[in-house]
Every structure is written in C-alpha cells, then in structure tokens.
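Student: Return a 3D structure for these sequence lines:
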Amino acid sequence: MSTPGRTLDGAVIPAERIDTIFGSDIFSRTVMRQRLPKEVYRSLLRTIDQGDPLDPAVADVVAASMKDWAIENGASHYTHWFQPLTGQTAEKHDSLAAPDGNGGVVFNFSGSELVQGEPDASSFPSGGLRATFEARGYTAWDATSPAFLMRGDNNVTLCIPTAFVSWTGEALDTKIPLLRSVEALSQQALRVLKIFGTDKGVRRVYTTVGAEQEYFLIDRDLYYKRPDLVTSERTLFGAKPPKGQQLEDHYFGTIPPRVLAFMSEAETELYRLGVPVKTRHNEVAPGQYEIAPLFEPSHIASDHQMQIMETLKRVAPRYGLQALLHEKPFAGVNGSGKHNNWSMSTDTGVNLLDPQDDTHTNMQFLVFLVATIRAVDVHADLLRASIASAANDHRLGANEAPPAIISIFLGKMLSDILEQVGKGLPKRTIRGGTLDLGAKTLPQLPRHSGDRNRTSPFAFTGNKFEFRAVGSTASIAWPNTVLNTIVAESLDYVAGELERAVGSNPSPARLLQGVLGVLKRVIKEHKRVIFDGDNYSEEWHAEAGRRGLPNLKDSVQAFGVLRGKKNAELFKKYGVLNRSEYDSRIHIAIEKYVKQLGIEAETMVSIAKSQILPAALEHQRRTAEAIAATKAAGVAADDSTQALREFVELVSQFRTRTAEVEKLSAYHDADPAKHAAQIARELKPAMVRLREIGDALEAVVAAELWPLPSYRTLLFLK
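Tutor: This next block holds a predicted model:
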C-alpha cells in the first residue's frame, strides 16, 4: 500500500485513494495478476519482459479478461490505438456488444480481435509504400504497452496500443521502427557488457526516456477569433506588445488559478492512465508552461507522450482555455520544445550512463559514454534531420533553443576525465563539494561537479543525455529511433574494437589496457563534437565551421542529407527500416513541410484580404474625413496629412506583398523536394515581408477596428 500523500491543491488524501487514482484506467500488471490464471500471467510477462513470442492461447484468455475489466469500468467500445505517419494517433472504434439473436446483446472480444485489427490504410501517409487503391493494413497488439481506458463526456473506450503495418509487411507507423531500434541497440550493448563480464543475468538492454513538454495556454474565445491559430496553431500576424518576456517574471512564477485548475485536472487524468507526470511550472514566455514525466522505457514513454499532448488538448476547453503545442505560436517570445532525456538501462535495473562516484575508474561507463559521443559526431546530420520540420525551423538557432549545429556538452568533470584518458590512465574525478550560503539557518548544499548548459542541443545531465532540439508538436518516436540506431552502430564499432584489443577471457590488466587504447583513439577522432561553451555565440558558429561540424540551418537542408546512401544503409544494416520504409519517411517529411507552409500562406492571404485590409481602409477613410473636417474649420493639418500619406503608402505595400505571397503560394512542382526548396527560398521570405507590413499596420490602425485579438490580450489574459 502506498503512503499517504497530498492532492495537487495540498489536501491530504489517503493511501487507498492514491492507489485508486494512479493507473486505475490501465490494464496493469496488478490487474492482470488479479484476473489472469497464473500460467497465463507468467507467459504474458515472458512476452513483455523477455520478448518471447505470444502464445495464441494466451491471447484468448487475456482478451476475455480485458473485456470484462473494460465493461466493468463502463466501456462500450474498443479500439486499436496506433501512431501512423501523420505524427498523431489514430483509432477506429468497434462495439464490444453484438446481437445475440434473441433480441438481446452479448459482449464478445476474442483473442484474434485483441491481437490483430484491420483499419483502412489507404488514407494515411505512406510515402509511396502504398497506392490509394491498395487499402489493406493491419494493427498488431503491442503487449508491452498497457491497454487503457479513454473517457469522454458520456463514453468509455478500451484503447489497445498497437503497431501499424501494411499488407506487404512494411511499417506504416512510428512504433515498429522504435521497437526495432531498441532491439538493435540491445544486441550491441550486450556485446560490451560481455567484454566487461557484467552481462550475467542481463537479457536485454533498453533505452529510457523522459520527455518534457512545453506548451502555451490562451483563452479559448480569443483562439477562435484568430483564423491563423485555428488553421496553423501559430499567429501569422501580430505586433510585438510593449511587455513580452523581457522582465523575466513569468519563468517559475506563480501559476494563475485557472491554469492551475486545468493542470490539476490534466494531471489527474494522466495519473489514471499511468503516465508518471512529475513537474509543472511556468515557462519563460508569458502564457507558456511545462509538464514533465519521470523516465520510462522509450516506447512506453513515446505512447505516454502522445497521451500527454492529447490530454492537454482535451482538458483545456473545460476551463475556457486552448492548449497550443506549436513550436512558435508567437513571434518575439520563446517557442516550445520537447526536451528528450535519454539513457540506456539493463533489464536488471542498471543505468549504463550513470557515472557513479569514482567515475575515472568506471571503464564500462566511459565506454558507453564515448560510444554515444562517437554516434553523435558520425551521425550529426541524421540526428539534426530527425527533428526537422517547418514549425521547428522557427526555434532552432534562436536564443531560446539549441542551434542547428549538433554538439555535446559534457561538463567539467567528464571533460576532465576524457582529457586524462587521452594522456593515459585517469587518476581523479573532480568533486563538486558543497555550497555554504552564509546563513546558519540555511543548509550547506551539495554541489554537482559540473554546471548545466541550456544552450547545448545534446547535453549530459548527471546520468542521461538531454536532446533539447526536439520540437514540441513532434512525436518523440522518430528522434529516439534515430538516436537508438546511431548508438547501436557506434556500440557495434566500439565492441568490435574492444574484442580485437582484449581477446576472449582477458586478464584485468589486459582488459584495462585494451579499453584505454580504444577510448583514447575514439576520443581523439571524435572530440570535435564536444563543446561546453555558449552555443548561441557567433564565435561557436565560426569554431564549429573550422571543426567541420555540419550546420543544417533549416529543414530543407536537413531533408537533403537524409537521402544520403550512408543513412539508408545504416537503418537497413540494423534491421530498423528497409530502403523503401526509409525513403517513405523522407517523402512524408518533405510533403508535410510543403503542405504546412502552403496552408499557412493561404491563411495569411485570406486574413490579409478579408480582415486586415478592410480594417486599414476604414481607418484610412476615417483619417481622411477627420483631416478634411479640420481643414474645413480653417485649421492647418499638415502633420496629419503627411501621416495619412505614409499610411496610404503602407496600405499600398500591404496589397503588393499580399499579392506576392498569393502568387508564390500558387507554385507547384511534382517533385516535393523542389517544391520545398522554392518555399524556403521564395515563399517564406515573402511571408515575412507581408507580416512586417501587417504588424506595422496593427501599430497604427485604431484598436476598435483591428480585427484580430492582439498579443497583449492573447498572452496576458488568464
């Protein structure tokens, strides 16, 4: 039984209530242990924990038990919940009830229905894997991810996490490659553990992830008055308000009551789903917030991350709010990201990226650390491309998010140890010591041996790496698939070097000598990717160029490197994606980029023509009439006349730039890559120019005439 705790508003709740809330809507191990026969339960756990094939007879028993549990909790339908290449989730609901032939109903749910579903695959993005007329696709039960109940206003649906595959057997989702990448990494990590003799009892190595989620909240009524937010989830026009984030008073500030009430309900729903959310706070920009979960196996974390985004969207309207997950809803203030905290762990509970106390003596840790460094250096272009999107282009490189140059921050202690390895056997680990705060009533604080670096795209933060460049709307499945795969390749390389260096059954002395030799060589070849300074500085950009690090400044450049033979062969070699599966993802990413910016451009033109221009012309008319009346009264109005001339010129420029965006957005090329290049080269700059004039008009047009809620209202009305 859990210990008593407190609710989010501070009220004490009994231990029994905590147990009731957390995980109450998932078909958890506790539920399975209570409901399933012992042998069935053990067989299912072998599938979940050890990767054993699923016994069909087990599926029938589990399905019956799952059905009974769901119905007892109010469920009327079930769905195979999956993650197609839209970047979102998908579901098709089927009733658990069927006519019994006697005027009543019977509730049925078989093992075959649990294990396999058949949604129509024709309308999901496939990147050329399937033609529209080739519609068959299958969903396959992922027993490792708990089934859960999705509660609506008057309905409950049993959701079964699944993989989504084409009739031809090719992956059409984000989950299958992620699971494959974990298997690839596990195989290579076990080789390293075997060299050190620490593989006893270890069956698998998996990756863990804790993904922080940033988001904005705005008043829902205001949201519906902004066509750009409704269609694009970002403001395409909006003059900078006098107060933004310059006072730095929002970060970690007092959470507004309505926002706190929303957070409390969202967290309660997530607790019921077994999502271990831990942290909530105000973020840097006004109206921006963050929610962060604890660490979990990466494929579970990916499922939970999708549930977090859906829950934020679903709960916010209950409080008259709209959750915005876009990477850059508002210009001039920080955008939103998703910090992907990543590590590797054995199924016996050992974190392979935990340096422990005397790090300089922990050779196994140093091998896994250096292998990760090598992976990021060798595959920096691929890692950068994994987070490429039209929305993320607005963040990367600004003073709010890591730059497009991929580098690694290690901190003082680890950097010092790697320098020692370069010279021989490391002799020391820098200690952090304590901080004396100078007041007897305050405790002395233990200090870490290294600072943190918020500007680094890939920073070591104690016992994990934080990949900070992932976009806030993105599924974390693809970046983690890439990260797992490149580290698998690097562990493969390092394991091979170690096996050649130490041989079989090496003595401790030979093992140490061989490990040091491999570490020294790999560090020397790949230390260029390590940078502990200010990643925002111009000096770093110049230095990175001298080091030969890739600088893919926008998504179109990043998409280009994906086509490289090296990257396609990498995924094929480790069984993560075959060539057609890999090519399909490139095609989908480029196509999504083109479509998103096309929607934005058309929305921008529509707002310009139907809302901003009429308001500007009305302001112009009123101003002209006022000047005429002033002159008729015999009063000079030279300044007003000059101001009117300048305003008329501004309106003329606005018309011209609207026409420019409209013309460029009509461009089409059968080759999506060429179309994307045209958008980056011509359309996006034209949209920026149109916005500049539109925002200038907002600063002049009478507030009562301006048709769109202002930034001042959107960001500060809580």
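
Student: Surely Ile71 is in contact with Leu96?
Tutor: Yes - shown here, Ile71 and Leu96 form a contact pair, counting by CB atoms under 8 Å, at 6.5 Å. C-beta coordinates here come from the backbone N, C-alpha and C atoms, glycine included.

Student: Who has more neighbours out of the two?
Tutor: Leu96 (20 against 16; other CB atoms under 10 Å).

Student: how far away is Ala643 from Leu650?
Tutor: Applying CB to CB, to the nearest Å, the value for Ala643 to Leu650 is 10 Å.

Student: Looking at those two, which has the bigger crowd around it?
Tutor: Remark: of Ala643 and Leu650, Leu650 carries more neighbours, 17 against 14, as counted by other CB under 10 Å.

Student: Am I right that that one is in contact with Asp695?
Tutor: No - judged on CB under 8 Å, Leu650 makes no contact with Asp695 at a distance of 10.9 Å.

Student: Just confirm Thr47 contacts Leu54, I think it does.
Tutor: Yes - Thr47 is within contact range of Leu54, at 5.0 Å (criterion: CB under 8 Å).

Student: intersection of neighbour lists for the two?
Tutor: Residues touching both Thr47 and Leu54 by CB atoms under 8 Å, 6 or more residues apart in numbering: Ala143.

Student: More neighbours: the two, which one.
Tutor: A count of neighbours by other CB under 10 Å puts Leu54 above the other of Thr47 and Leu54, at 19 against 16.

Student: Show me which residues of stretch 707-718 are buried.
Tutor: Buried residues in stretch 707-718, counted by 16 or more other CB atoms under 10 Å: Pro707, Leu708, Pro709, Tyr711, Arg712, Leu714, Leu715.

Student: Next, give phi and psi for Trp141.
Tutor: phi -60, psi 130 (degrees, to the nearest 10).

Student: residues touching Asp357, list them.
Tutor: Thr429.

Student: three-state assignment of it?
Tutor: coil (DSSP: H, G, I helix; E, B strand; the rest coil).

Student: just to revisit the earlier point, list the residues that contact both of Ala643 and Leu650?
Tutor: If you check Ala643 and Leu650 against CB under 8 Å, 6+ apart, no residue is contacted by both.

Student: which stretches of the stretch 1-150 of the chain aren't confidently modelled?
Tutor: For the stretch 1-150 of the chain, the stretches flagged by pLDDT under 70 are 1-20, 100, 104-105, 121, 130-135.

Student: Look up how far Pro506 lies from Asn155.
Tutor: Distance, Asn155 to Pro506, using CB to CB: 62 Å.

Student: Next: Val651.
Tutor: Taken as CB to CB, the span from Val651 to Pro506 is 79 Å.

Student: cool, Gly575 as well?
Tutor: 30 Å.

Student: okay, these two: which has more neighbours?
Tutor: Per other CB under 10 Å, whichever of Gly575 and Pro506 has more neighbours is Pro506, with 18 against 15.

Student: Run a quick neighbour tally on the residue nearest to the more buried one when sequence neighbours are not counted.
Tutor: Nearest residue to Pro506, sequence neighbours excluded (CB to CB, 6 or more residues apart in numbering): Gly514, at 6.7 Å. Other residues near Gly514 come to 20 when the count uses other CB under 10 Å.

Student: before we move on, what about Gln364?
Tutor: 17.

Student: residues in contact with it?
Tutor: Contacts of Gln364 by CB under 8 Å, 6+ apart are Val192, Leu193, Phe196, Thr198, Leu352.

Student: so which two of those residues are the farthest from each other?
Tutor: Greatest spacing in the contacts of Gln364, by CB to CB: Phe196 and Leu352 (10.7 Å).

Student: okay, these two: which has more neighbours?
Tutor: Neighbour count, other CB under 10 Å: between Phe196 and Leu352, Leu352 has more, with 23 against 14.

Student: The residue located most distally from the centre of the chain sits in which helix or strand?
Tutor: For the chain, the largest distance from the centre (CA atoms, centre = their mean) belongs to Gly634, which lies 64.8 Å off. Using DSSP states H and E, Gly634 falls within no helix or strand.

Student: List phi and psi for it.
Tutor: phi 80, psi 20.

Student: Kindly report the same for Phe458.
Tutor: Main-chain dihedrals, Phe458, degrees, to the nearest 10: phi -140, psi 90.

Student: Isn't it up against Phe467?
Tutor: Yes - taking CB under 8 Å as the definition, Phe458 is a contact partner of Phe467 at 5.6 Å.

Student: okay, those two: which has more neighbours?
Tutor: Phe467 (29 against 25).

Student: show me the contacts for that one.
Tutor: His339, Asn340, Asn341, Trp342, Leu383, Pro457, Phe458, Pro479, Leu483.

Student: Bridge partners for it, pull those for me.
Tutor: When assigned by DSSP bridges, Phe467 has beta-bridge partners Asn340, Phe458.

Student: mind checking pLDDT for it?
Tutor: You'll see Phe467 listed with a pLDDT of 95.

Student: quick one: common contacting residues for Ile71 and Leu96?
Tutor: Phe107.

Student: which residues make contact with stretch 692-712 from outside it?
Tutor: 222, 225-226, 235, 237-244, 330, 332, 607-608, 611-612, 614-616, 618-619, 622, 647, 650-651, 653-654, 657.

Student: Same question for stretch 676-683.
Tutor: Residues contacting stretch 676-683 (CB under 8 Å, 6+ apart): 554-556, 559, 590, 593-594, 597-598, 601, 661, 664-665, 667, 669.

Student: Separate out the buried members of those.
Tutor: Judged by 16+ other CB under 10 Å, buried ones among the contacts of stretch 676-683: 554-556, 559, 590, 593-594, 597-598, 601, 661, 664-665.

Student: Kindly reformat those as TSV containing secondary structure, pLDDT and distance to Arg151.
Tutor: TSV is the format used below for the buried ones among the contacts of stretch 676-683 (DSSP: H, G, I helix; E, B strand; the rest coil; pLDDT from 0 to 100; distance: CB to CB, whole Å):
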residue	secondary structure	pLDDT	distance to Arg151
Asp554	coil	91	41
Ser555	helix	94	37
Val556	helix	94	42
Phe559	helix	93	40
Ile590	helix	96	38
Tyr593	helix	96	35
Val594	helix	97	37
Leu597	helix	97	36
Gly598	helix	97	36
Ala601	helix	98	39
Val661	helix	98	43
Leu664	helix	97	46
Ser665	helix	96	41
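
Student: Make CSV from these and add distance to Glu290 to it.
Tutor: Listed next are the buried ones among the contacts of stretch 676-683 as CSV, based on distance: CB to CB, whole Å:
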residue, distance to Glu290
Asp554, 26
Ser555, 24
Val556, 30
Phe559, 29
Ile590, 30
Tyr593, 26
Val594, 31
Leu597, 27
Gly598, 31
Ala601, 31
Val661, 34
Leu664, 36
Ser665, 34
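
Student: Give the full set of residues in contact with Gln116.
Tutor: Neighbouring residues of Gln116 by CB under 8 Å, 6+ apart: Tyr138, Thr139, Ala140, Trp141.

Student: So which of those wins on neighbours?
Tutor: In terms of neighbour count, Thr139 stands highest of these at 27 neighbours, by other CB under 10 Å.
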